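# Quick check, what structure comes out for this input:
(4 chains)
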Number of protein chains: 2
Amino acid sequence: MREEKKKRLATKGWKVGSASAFLGLSKDEETYIEIRLRLAEGLKNRRLRRGRTQLGLAKALHSSQSRIAKMEASAPGVTLDLMIRALLALGTSKRELAAIIAGGSSARAA
Amino acid sequence: MREEKKKRLATKGWKVGSASAFLGLSKDEETYIEIRLRLAEGLKNRRLRRGRTQLGLAKALHSSQSRIAKMEASAPGVTLDLMIRALLALGTSKRELAAIIAGGSSARAA
DNA sequence: TGACGATATGTCAGATTCGACATATTATTT
DNA sequence: AAATAATATGTCGAATCTGACATATCGTCA
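Residues are numbered from 1 along each chain as shown, chains lettered A, B, ... in the order given. Down below sits the predicted model:
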């Protein structure tokens, strides 16, 4: 590993279902959040690499700038659906998408 | 290809944003739907391979049998979030998940 | 055939997410 | 520093999704 950036796993305002407050996410929940973070990072990286602005991408997606910002922040209340659609709108292929999810130094050029 | 089953791409009751009715999905929309189908298939395959019932999986997910059925049918109104969580609940790893999305004969054992 | 377990389909109220908008914060350029 | 562009943050009504439930269909076994 190297480009892991430390993986801060912010967990900001996360709900984290019911009783398991902040500490004690199940393995699955952890993986789920990790995937979200990867997609968020991948989204931002790709957008910047393409020299696009959040507002531009938003229009292409029929969404709004603020929502794009929230996606890239992996904020609670953004679905994977939206993140993935955004990535597709940036020209990401299924294979590249898979690489982003699987992790492991996959941030190849666009 | 071989286990593609023909990829019926049912498109049942799909909304397909605004003007492009049924015919003329954009490339991105097509890819998005394809991903959904792959996840749905992967989910069903994995569940069966593990010998679990929809009801059983539903309980593990704090969901309901009917919703699992809808997921496996890739019905409109089920999010990728839910499908992915279901796959994780079945013990699918990030790498396996990526393989399902990328496609290409990836339905390895569980 | 009838009973039974599993899966499919339809509906609905409550919860969540959406796009939009206002506004703050952070670069960047002059 | 002031202006400008880009991004972040907060809020809100409308749209969508969720779990639960009822009920129908299917498959298998006695």
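
# how far away is residue A:79 from residue B:54?
23 Å (Cβ to Cβ, to the nearest Å). Just so you know, the C-beta spots here come from the backbone N, C-alpha and C atoms, and that holds for glycine as well.

# Which one of the two is surrounded by more residues?
More crowded of residue A:79 and residue B:54, by other Cβ atoms under 10 Å in any protein chain shown: residue B:54, with 18 against 14.

# Name all residues that make contact with the more buried one.
Going by Cβ atoms under 8 Å, 6 or more residues apart in numbering or on different chains, residue B:54 touches B:47, B:65, B:68-69, B:72.

# go again using 6 Å as the cut-off
B:65, B:68-69 (Cβ atoms under 6 Å, 6 or more residues apart in numbering or on different chains).

# Can you tell me how far it is from chain A?
Separation of residue B:54 from chain A (Cβ to the nearest Cβ, to the nearest Å): 18 Å.

# The one residue sitting closest to the centre of chain A sits in which helix or strand?
Nearest residue to the geometric centre of chain A (Cα atoms, centre = their mean): residue A:40, 1.8 Å. Under the criterion of DSSP states H and E, residue A:40 resides in helix A:27-49.

# Restricting to C-alpha, output the helix or strand following that helix in PDB.
Per DSSP H and E, helix A:27-49 leads on to helix A:54-60 as the next helix or strand towards the C-terminus. What follows is helix A:54-60, C-alpha atoms only, in PDB (Å, rounded to 0.1, in the frame of the first residue of the first chain):
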ATOM      1  CA  GLN A  54     -18.600  19.800 -10.000                       C
ATOM      2  CA  LEU A  55     -21.100  22.100 -11.600                       C
ATOM      3  CA  GLY A  56     -20.400  20.700 -15.000                       C
ATOM      4  CA  LEU A  57     -20.700  17.100 -13.900                       C
ATOM      5  CA  ALA A  58     -23.800  18.000 -12.000                       C
ATOM      6  CA  LYS A  59     -25.500  19.200 -15.200                       C
ATOM      7  CA  ALA A  60     -24.500  16.200 -17.100                       C
END
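
# residues in chain A within reach of DNA strand C, list them.
By Cβ under 7 Å from any atom of the strand, the part of chain A that sits against DNA strand C consists of A:15, A:58, A:61-67, A:76-79, A:81-82.

# Emit the ChimeraX select command for whichever of those are buried.
With 16 or more other Cβ atoms under 10 Å in any protein chain shown as the criterion, this ChimeraX line picks the buried residues out of these:
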select /A:58,61,63,67,78,81,82
